[in-house]
Each structure stands twice: as structure tokens, then as C-alpha cells.
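Visitor: With the sequence up front, the predicted model follows.
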Amino acid sequence: MNIPFISKTKTITPSGPKTPGPSPHPSDDLKKSARKLAHGSLSIKDIIAPGLIEVDFDFLKIGTNYYKTLFVAGYPRFVSANWLYPLISYDHSLIISMITYPAESKVILEDLKRKIAEMEATIQTDIKRGKVIDPGVQVALDDALSLQAQLAKGAERFYQFGLYITIPAESLDELNQIAKEVESTLGSLLIVSKHATLQMEDGFKSSIPLGIDPLDVTRNMDTTSLATTFPFTTASLTANKGILYGINEHDGSLVIFDRFSLENANTVVFGKSGGGKSISYNTNVLIKREGITELVEVGKLINNLSKKHTFTVLEKNIEGVVNPNIQVFTFNHQHKGEWANVTIAARKKISKRDLLYRIVTKSGREITITKDHCTVLLRQGEIKSIKTKDIKVGDVVPLPRTVPQPLSPVSFIDISVLKKVIVKTKEKFRKKTKLTISSPLCRLLGYFISEGSYTHSSVAISGKNGWLLFDVKRAAKKIGLLTSYNHNKGKRVGIYIRPKYAKHLLEFLGCTKGAKTKRVPPIFFNLSNQRVADFLKAYFEGDGYVNEHSIGAISVSKNLISDICYLLYRFGIIARVRKTFKRATNSKHRGDFYWELTISGQSYLRIFKEQIGFMSRWKQKKLQLLLDKQSNTNVDVIPQLTNIFKEIYEIIYRDYKAKAPQILISLKNNEFSPSPVLLKKIIDLIEKRIQYIMDVYNQEITAKSPPFKPVIAAVLQTYKTINGETISLPTIMTTEQFANTPHTKFRQIRNAIIKLDQLKKIAHADLFWDPIVTIEKIKNREAYVYDLTVNNEVFLAGFGGMFIHNSFLVKLETLRSLMFGAEVFVIDPEGEYSTLCKAVSGEEVDFTFNTPIKMNPFDLSGIIEEGENELGLKILSLHALMRVVMGQLSPPEDALLDRALVLTYRQKGITPDPSTQKNEPPLMEDLYKALLGMEEPDAKRLAERLEKFVKGSLAGIFNQKSNFDIKNPLTVFNIKELEAELRPIAMFIILDFIWTKIKKTTKKRLLIIDEAWYLMKTPDSANFIYGIAKRARKYYLGLTTITQDVEDFLDTDHGKAIITNSSIQILLKQSTAAIDKLAQIFYLSGGEKHLLLSTEVGEGLFFAGSSHVAIRIIASPEEYPLVTSKPQEIIHEQEAISHLSNENKPMPMPAPAPPPPTPSTPSNSSNPSNPPVTPS
């Protein structure tokens, strides 16, 4: 050690020879003695000790520096890995001490036992006294019981943990400032910190590395919690080569990784399944099953599926049927209504303590859903999917404008079953087996639903309306029924319909006699619009009215009013519903709640008059008077557009100090909301204004173009520089300003065009926007909640009918891997990779019935590999395929199939000899013939099971020679249009085809299997994927499997084996039902479990070998449109491309600045009937 003041002391050595005798200077001896004494009494501590230590009650001053110690007194309930990183990476020098004391488990268990007894006693006392249980005590008890179980099993240990932070500073003011900032940082982590007031000396000693803790402020922690406190566990996944996956959330570094640098290049990606989206039992849903349209309660629908299907456990507490052969009405990515297949019909167990949410809209629609259900709504001009618990009053939900009539409406019904109950009626009725659905029959049903009832022998329809009674009599006569008037005090008050056959017919059609239980007969959801109009005309003649503002109908049956709302969708009429209390003044009835349906707005009233109408002339006349009034469009308006109008106004009017049209000013000031028709006119106005601005700037740019070429200008500037002349700075500034100003303006115009595109999507959507007026939490009284999963994620359901809602990373990896020369194959069950494929000029293969591209599953690779029997491996693969095609095979059938496969190849001259394997391979038809040629009965049965793939409806897909070769760097196999039961077969054949091609040449490749759960359903297809995962590295292949159904992988041995053989695992946001199983498989800490439950979209955990980090996936603005799966963003991108393709003229730009991008010119889609508008 270099000690300066000691090294400066020197010993004086005389130049001459030493002579004995006294020292010529006696004081020298004293100095030598003093030096020896001083040297012996000083220690290293004395030398390095500061000259001053001042101990204040809130700081220490050591030498010239100041110190302050904080201790942590409170910790957050949940933490994630490396949660102390913000403190460790704080931008100031800190002394951080973490002190850990192991505790004896036995002692802790005794303390826990006593504490648990105290808390249980507290809860029991509160219950006996009728008090509400303290939630804090309940939570603490649950935690204590959980910890007790873990300690008893030895899965956890117990520790005491102390965390101290000492802050150094050069001045007292700086010390106080840094201390406040550190406290703020700790507070953001939900850490409660305190000053070691009056214990600063002890706090300082606890912070420095002496192994002592005189401050002794600790917190009890188990092993899992303690592990998260270590701030040095984050892995650095920033490699010198590879692709960017995202940002390390622990330290902000980039996750750049080469998957091929690991033991294998396989990846599994687990996302969240749709188990959280659920609706209540009695929610009505419009479905189509076997060509028949029905309006049914979703709970009854899904529960009844168990009679025909075996429920599959999808997740913990969730069971259902995959591909139940049901369709629901939904809207597609273009916001147009259509029927879509239900992929999963599921029910989920729910606690009676869980609350449900009842949402009611302005038009009276309502639905009851869980808090995690995602609802599609319009918020601030954007169509979003938002969880129920985040919905606000004022958000706007979509309703369909129309529901189309069936392509083949029902025109008659089979009434042969009525023969058993018809015993005393006319011969002609007993002989009838079919009843024509005629206008008289529909009108008669409408009258019955509004005013009718029946007894055991006759049907009665009440009413004093002469038109009504006359038409009832006429309609009944048309279908061969007898009628007689019902009189009261000499006045006609109704009509009786006989014989008894009429009552049985009404019961057969689904009519009930109770007023509160009445509903629209189910047959009407399958009739033509004309027949539905006949029914509605009669119904509104009975229950309906016309007042000064609207048409309406009142019923005590809530379900009947809801059914009428669904029928009115057929004609594009959005009815409003409200609950009202009514009491008859001419009777002793105390009154009851009724449901009132109203139709208002000129457009809807006109549709009603033209397509439905009334039977009576006086009601028709009142309706015409209503239509003659001034038009009022405030019924059909689109709210929540104010912000978009404000932004457009700022860009295209205010920035140019131009006067805007008054209507746009009113809209931006939120004075009213536009109707769809008015919005289209405003869009036309804005388009013309944008076109005008672009034309003006193009003229300005042309007029201000410099008179000399850029190259000449550069040469002249260089000449001036060489000759020592100064360059004209004003000239450069003028040129730069000239270049930048238009560029900035055009960027703003592009933003205006983007906002305009949002308005166009909303204006042209086939949707009616209905604001939410109330959100009510209600108690759950059912054992299950229910969900129908569809590809479009939304379906029509609820009271009155409203729409409700249901591989970003892998697409991003695909795009970036292509940039580095990898070849990528994608099996795409949902058509999600089309945009990406087109953008990079990839090849998309549509695997459908009519596709010209064929793949023969009997193809051989023709590659000779030492130690491998190519033909034997192919036959094993075909065994698995045939089990997927035919179902499970018995051992004798399996043996027969093996003989038939060997015979099939042998007939083509192909044997285990590699030289014969280049012959033309057989087809599935050859296997079929081989089975037919065998004598065993089992062989014939196998041939019958194979026949539809050879001669039947599926012959064109699987029984053809291969005519396709993979040559493109990106090949996407789209199987979206295939039936669900054919998808596993198609995926297997495609995988086998790709695998055969891969073995021919070795190069860097990725094979992506999206929705891999299709192949995990059968052991043979799951085993095939596992085989690829095991052998992929040999052929320089990386296999990526993606699924939202975590249970499919975790509950099978093959799934677990695939995970084991995947060096990269990516876990995105998970449901609570799956998180425990994932934690067990991936050894997740408590913090990591909490992260996966609470993380946002695009965040998750990234496992690469033994390293794992929390990751946030990012995409550049150029990449994002290519990889997003959000419908509204895909539509926006398609429209943007359309704009660019219609671009007429480039924007010239002067040198030396680079030309800015030219914004797309909106097309002029003005209506010729509208007066021309001159832009300001």
C-alpha cells in the first residue's frame, strides 16, 4: 500500500566512514526514537480513517461527504423477477445492502399455526356478530394457509430479509434532493421506505460490507419471494447475430437472438385462450343449425349439445364442444353482416360470489356478461375490443342494420305428426301431411300472438277492431278453418276458431296461450321477408299503435318484444325498447310491468310503411301523416366522433387560416352527432378540401423550383469553397426552408387522410351505433356461464340483439428471418398470413376443393440416407395419416393396412431398395384398390372408409399426383376454406409434403404450425409433430408451434415432449385457468405467474435455453401493418394501399433535400345529387 506521508520520511546516511562515539547531533537520536514510536502506534485504520465524523439525527457527515440511510418497511404484495432493477440502475451512486437470515421452519410453522388460529377466531367472531368479514384478514389467512402447506412439504424455506439504501452526496442540499428522488422511485415500485432517523450510524454500519446489521429491520419472506429480490438474474440476450424479438423489460436491452445457435431451433408459443369471454344462461342468440335459423337461450343450446357430443375439457373449469356444426350471425372485417361457423361452444364454471354485468343501451338492448368478456364498441372514433370491467357509460356498441332472409326460405311444414291428435275433424285434414306457409296463415298467427288464447277445444282472438276481426275470419277461411263471433252485450268482442285441429296446430308451431310466455313462433326465422311482413302486419294491427311521433307495440312478454326486434332486423329497422308500468283504468287489476317497442325516425317509418304496413286504413292514414312531417334523423346517428373532427379541422382549416364550413365547426364543437348519410356528405367536403390543398402546394412547388440543376449548384458551391470564398448561408437556409415546409405540410395532410379513412370505415359500416346508458353489477345465480367462439370474434346475442366479442410475434419473426435468408413455410388455418405473404411476394397456396395445386401423400423424397429406410419411414407416416383419416384401427385392421401399403408401393415397382424409390409413387386410389383386392372382410371395411377420399366428394383433394414444388422463400398454406373436420387431415398431408421436400436439401428453414391444437387432438398427428421436432435440427430446420389452447400441449405426453424439444418457449398473456399448469411445467416464480396474468398485449416471458426474460414485442411502423391481426387495422391498411395505387401525379421536390412522400389523394366520391361545394 502506498502511504505518501510515510514514504517521504528518509534516513540520512553520512557520506564518510562510520566512526564510533557520540552523535555530533544529539537531537537526531530523539527524532529516530520518535519515528519508531509513531510507526509502531499507527495502524491502517488510523491512516484511512476520515478526519471528521459528524452524526446528526437525519444524516452523517464523514470527512467532506454526507450520507443518509433509508430502510424498507413495506413491500408490494406481488413482484416480478428483477423488480428491484430501477433501484439498482438508479442514476446516482447508492450503497445497497441486502441482508438475509435463514429461519428454522419448525419455529415458523408453530408461529403460523398460532397466527392462523387467531385469524380464524377473528373471522368466526365477526360471523357470529353478523359483521362483514374483514377482507384484509381473509386474504392474510389464505396466504398463511398456503405458506403453511408449502413449508410443511419442504417446497419452501423461510427467511428474514432486510433491505437498506445509503445515499452519498457532496452537499446537504444534494443529499436531500437525491433522497426524495430515491423515495419516489421506491414508491413507484410500491415499496415503503423510511429514514433511519436517530439511527443513522447503525444504518451506515448495516449498509457497508461488514456482515453486521445493527439496524435490524427485517421482513419475513419465503424462498420464491426472496429469489425475486436478487437484481443480477436477468439474462443478457443481446447477441452479435440473430433477429430482434423485442425489448428486455428488466434492463431495457434488445433481445437479439439466433434460434439456430441453441441445441435445437424449435419454438413453442402459448397465448391466452378465449375462456374469459362468457355470457349468462338466458342470453338469446341467433343461430343457424342444419340450415334452420333459431333464436335460443345460449345456456340451453350448449347444455343440449351434451346429448349429441361428448364435452371436451378445454381448460380448468371450462368444457365444451369443438366445431359443433352451428353458425351465428356476425360481422366481418369489412363490418358487413354474415353467418360464421362456431369453432367452440363452451361453458365455464363460475362461483356464486362472482358478479355479472348487465349492460343496457339507449335503444333498450341489454346483455348480461362476465367482467372479462370482451365487447366490441366505438370509442373516440375507433372500433375497439374492451373488457367489460373497462367499459364506460357513453361507449357505443354496434347493432346489425339488417339480418338477411334465408337463401332457401321454408314454404311448407310437415304436419304428419298431427295425425295422432286429429281424430274428430274433416277427412281432408286427416289426409294432409304438408301445410303451405301462406299469407293467411302468417296473418292468423300474428293476430293470435297479439290478441289470442286457446282452450282445450278452440282458439279465441279478442278485439273490437272491425278490420282485425274481418281479416281473422277471412284468413281462417282461406286455410280451411271454421269461425264464429264472440259477443258481449250484443257487441262483437272477438272471434272463435274451430275445430280442435286449430289449437293443435298452434301448439305444434310453438304458440303458447299465456300472455307472459308468448314468443314469435320459431318458424318465422326461416321464412321469406314477405311472409314475415304478413305476420308483423297482423301483430301490429293487434298490439300496435301509431301516435304523433312513432309506431309502437306493448306486451307483457319481454321475450316476445325481443323476438320482434330480431324480425325487424330483416327490414333494416332498429326498434327501441323500454320497460314501463301500466294499469287498466276500467278494471281492478293492480297493474304490471310491460315492454314497449317503438319505431321512430323517418327512414325507419318509411321502411315500415312500404314493406310491412297495417291492415286497417285508419292506421295507415295516421302513419302517412307521420311521414308527412319534417324529417328527423336524430334516431340514427354516430356519436363519439368529436375528436376526429377536431384533428381534421386543425390540419386542413385552422393551420391555413381558412374558413371552415359551419357544419364541420358544429361537429368539432360536439353540438350534434351526424347521421351516416350526413357523415358521407361531410367526408366528401373534407376530401375536396384536401384535394384543393394538394393542388395548391403542387403549383407552389413548381413555381418555386430553382432555375439550376442540383449537380451544377453543388459544383458551384465546391468551386467557391476551393477558392476561399464563403458560401452564402442565406441561400442554403432558403433552400432548406423551401424543402422542409412542404414536407411538413404534406405529413400533416397524410394524418388528415388517415383520420378521414377512419370516418369512411364508420360511415360505410353495416352497423347501427347504440350508446350504453347503464352498467349494473348483479349477483350470479347460475353454475355456468357460456361462450360461442367464432373467427370474427363477435356474434349477435342478447335482448333485442347486439354484437358481442371473442400471432403477432411469429409473423414478425417470419418477416425478419426472411431478411436474413431463411426459408419459411406456414400452415395457416385462419388466413392470417395473407397480408404478409403478399407484401414480400411470397406464394400462398389455398388448400380447397377446387385448388389446382395437388399434393400426393405417397411421395418419397428420393434421398438416400445411411442407416435410414426411406420407404419404411414413409409407410409409418402413412399409417398415422390413415388413422387420422379413418379413425382408430384395431390390431387386425392395422396389420391389413400395413400389408396393403407395402403392396401398393410394390405394384409401382418400389421396394426398400433405394434405386427403386425414384419410380412414380402410387396414389390413394391405388391403396383403395389394394384393399378391395384382399379377401379379408376387414380389408373391405377399410376400403369403404377410404372411398369418399377416392371416389366421393373429397376425391379432388387427396387423390392426385403432386404438381407443386416449393420454390419461394415464403410459402403459406391457407386452409381457411376447408371444413373443420378436414383441417387435421390437410395439415398432416401438408406437413408430410414439406418434410419430404426439406430432406432433399439442407438450408436454414422455419416451419410454422399455427393453431397446432388441430393436430394435438389425435395421438398419431401429435406424434408426427413430435417426430419433426426431434429430427428438425438434422436438416437445419426450426419448428414453431402456436396454440391458444395450452391444455392440448400440457395434458399429453407428446405435447410435453414437444416443449422439451423446443429450446425457445414464449409465454404471452395467460388465463387464470391455465397459469397453474404452466407454472408447474415451466417452473415459474410467483412474480412470473403474476406477470403473465396482468401483462398487456405484446408482453410476456421469453425462454431461450436456460435464460429467460420478460419481453415486450415491438414492430416498426413499416412492419406493423404487415403482421397485425386486428380487423380494423387490416382494413385501414388495405384502404391506404388503394389510395396509393390511385395516386395520379408525383410531387416534385427541389434539390438538395430528398423528396418527401406524396400523400394519397382521396377519391372524389361525391353524390351527384348533392349540390357542388367550393372549397375555401
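Guide: Everything's here; your move.
Visitor: Just confirm A515 contacts S557, I think it does.
Guide: Yes: at 6.5 Å, A515 counts as touching S557 under the criterion of CB atoms under 8 Å. The C-beta positions use only the backbone N, C-alpha and C, and glycine is treated the same way.
Visitor: who has more neighbours, those two?
Guide: Neighbours were counted for A515 and for S557 using other CB atoms under 10 Å; S557 has more, 20 against 13.
Visitor: Please report the distance of that one from E294.
Guide: Distance from S557 to E294, counting by CB to CB, to the nearest Å: 18 Å.
Visitor: With L237 instead?
Guide: Going from L237 to E294 by CB to CB gives 53 Å.
Visitor: same question, L468
Guide: 30 Å.
Visitor: out of these two, which sits in the busier spot?
Guide: For L468 versus E294, neighbours defined as other CB under 10 Å are more numerous around L468 (22 against 15).
Visitor: pretty sure that one contacts W618?
Guide: No: applying CB under 8 Å as the test, L468 and W618 come out as separate, 11.8 Å apart.
Visitor: and F257, what is it in contact with?
Guide: F257 sits next to 237, 239, 242-243, 245, 1064, 1104 when contact means CB atoms under 8 Å, 6 or more residues apart in numbering.
Visitor: who are the neighbours in contact with A502?
Guide: A502 neighbours (CB under 8 Å, 6+ apart): 454, 458-459, 476, 481.
Visitor: which secondary structure element contains it?
Guide: Assigned by DSSP states H and E, A502 belongs to helix 500-508.
Visitor: swap in A73?
Guide: A73 is located in strand 65-74, with elements delineated by DSSP H and E.
Visitor: Alpha carbons only: can I get that strand in CSV?
Guide: What follows is strand 65-74 as a C-alpha-only set of coordinates in CSV (Å, rounded to 0.1, in the frame of the first residue of the first chain):
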residue,chain,number,x,y,z
ASN,A,65,-19.2,13.9,2.3
TYR,A,66,-22.8,13.5,3.5
TYR,A,67,-24.7,10.2,3.9
LYS,A,68,-28.3,9.2,4.6
THR,A,69,-29.7,5.7,5.2
LEU,A,70,-33.2,4.5,4.2
PHE,A,71,-34.6,1.2,5.3
VAL,A,72,-37.5,-0.6,3.6
ALA,A,73,-40.5,-1.0,5.9
GLY,A,74,-43.2,-2.2,3.4
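Visitor: Please name the residues that touch I302.
Guide: Contacts for I302 (CB under 8 Å, 6+ apart) come out as 320-321, 345-347, 786, 788.
Visitor: how about low-confidence regions in the stretch 901-1050 of the chain?
Guide: For the stretch 901-1050 of the chain, the stretches with pLDDT under 70 are 952-956, 980, 1045-1048.
Visitor: Would you map the strands across it?
Guide: 970-974, 1005-1009, 1037-1043 (DSSP state E, counting those that start in this stretch).
Visitor: Which one, of those strands, ends up nearest to T774?
Guide: Among the strands of the stretch 901-1050 of the chain, strand 1037-1043 comes nearest to T774, with 38.5 Å by CB to CB.
Visitor: Adjacent strands (with direction) for that closest one?
Guide: Sheet pairing for strand 1037-1043, assigned by DSSP bridges, gives strand 267-270 (parallel), strand 1005-1009 (parallel).
Visitor: most surrounded residue in the contacts of A502?
Guide: Most neighbours among the contacts of A502, by other CB under 10 Å: V459, with 27 neighbours.
Visitor: Tell me how the chain divides into domains.
Guide: Structural domains annotated on the chain: 53-103+157-227, 292-350+640-795+1130-1176, 412-627, 864-966, as defined by automatic domain parsing.
Visitor: Of the ones you listed, which is nearest P400?
Guide: domain 292-350+640-795+1130-1176 (4.9 Å).
Visitor: average model confidence for that closest one?
Guide: Confidence over domain 292-350+640-795+1130-1176, taken as the mean pLDDT, stands at 69.
Visitor: which one of the contacts of F257 is nearest K1077?
Guide: I1064 (19.7 Å).
Visitor: what's around Q138, how many residues?
Guide: What Q138 shows, counting by other CB under 10 Å, is a neighbour count of 14.
Visitor: For it, give me its contacts.
Guide: I123.
Visitor: Same check on G320?
Guide: Under the criterion of CB under 8 Å, 6+ apart, the contact list for G320 reads 302, 305, 311-312, 314, 344-347, 787.
Visitor: Now go through those residues and say which are in strands.
Guide: Of these, the ones assigned to strands by DSSP state E are 312, 314, 344-347, 787.
Visitor: Narrow the residues you listed to those that are buried.
Guide: When the ones in strands among the contacts of G320 are checked for burial by 16 or more other CB atoms under 10 Å, the buried set is 312, 314, 344-347, 787.
Visitor: List just the nearest of those residues to Y447.
Guide: A345 (36.9 Å).
Visitor: just checking, what packs against whichever helix or strand G494 is part of?
Guide: Assigned by DSSP H and E, G494 belongs to strand 491-498. When contacts are defined as 3 or more CB pairs under 8 Å, 6 or more residues apart in numbering; DSSP states H and E, strand 491-498 packs onto strand 459-462, helix 466-478, strand 482-488.
Visitor: Listing partners with orientation, what would you give for the first one?
Guide: Taking DSSP bridges as the criterion, strand 459-462 sits next to strand 452-454 (antiparallel), strand 491-498 (antiparallel) in its sheet.
Visitor: highest average neighbour count across those?
Guide: strand 452-454 (a mean of 21; mean count of other CB atoms under 10 Å).
Visitor: Now do it: distance to the chain's middle.
Guide: In this view, strand 452-454 has its centroid 49 Å away from the chain centroid, taken as CA atoms, centre = their mean, to the nearest Å.
Visitor: tell me which element T789 is part of?
Guide: Counting by DSSP H and E, T789 is part of strand 784-790.
Visitor: where do the helices sit along the stretch 851-1000 of the chain?
Guide: Here the stretch 851-1000 of the chain has its helices, by DSSP state H, counting those that start in this stretch, at 870-886, 891-907, 924-932, 937-946, 955-958, 983-998.
Visitor: With respect to N643, which of these lies nearest?
Guide: Taking CB to CB, helix 983-998 is the member of these nearest to N643, at 42.8 Å.
Visitor: Only the buried residues of the host helix or strand of V255, if you could.
Guide: V255 is located in strand 254-257, with elements delineated by DSSP H and E. Buried residues in strand 254-257, counted by 16+ other CB under 10 Å: 255-257.
Visitor: okay if I get the strands paired with strand 459-462 as a markdown table plus distance to P922 and mean pLDDT?
Guide: Shown next, in a markdown table, are the strands paired with strand 459-462 (distance: least, CB to CB, whole Å; pLDDT from 0 to 100):
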| stretch | distance to P922 | mean pLDDT |
| --- | --- | --- |
| strand 452-454 | 68 | 87 |
| strand 491-498 | 69 | 84 |
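Visitor: Could you report the neighbour count for I479?
Guide: 14.
Visitor: try the one 5 residues further on
Guide: As a burial measure, the neighbour count of S484 was computed by other CB under 10 Å and equals 11.
Visitor: wait, what's in contact with it?
Guide: Taking CB under 8 Å, 6+ apart, we find S484 in contact with 495-496, 498.
Visitor: first to last residue in stretch 566-577, what's the distance?
Guide: End-to-end distance for stretch 566-577, by CA to CA, to the nearest Å: 12 Å.
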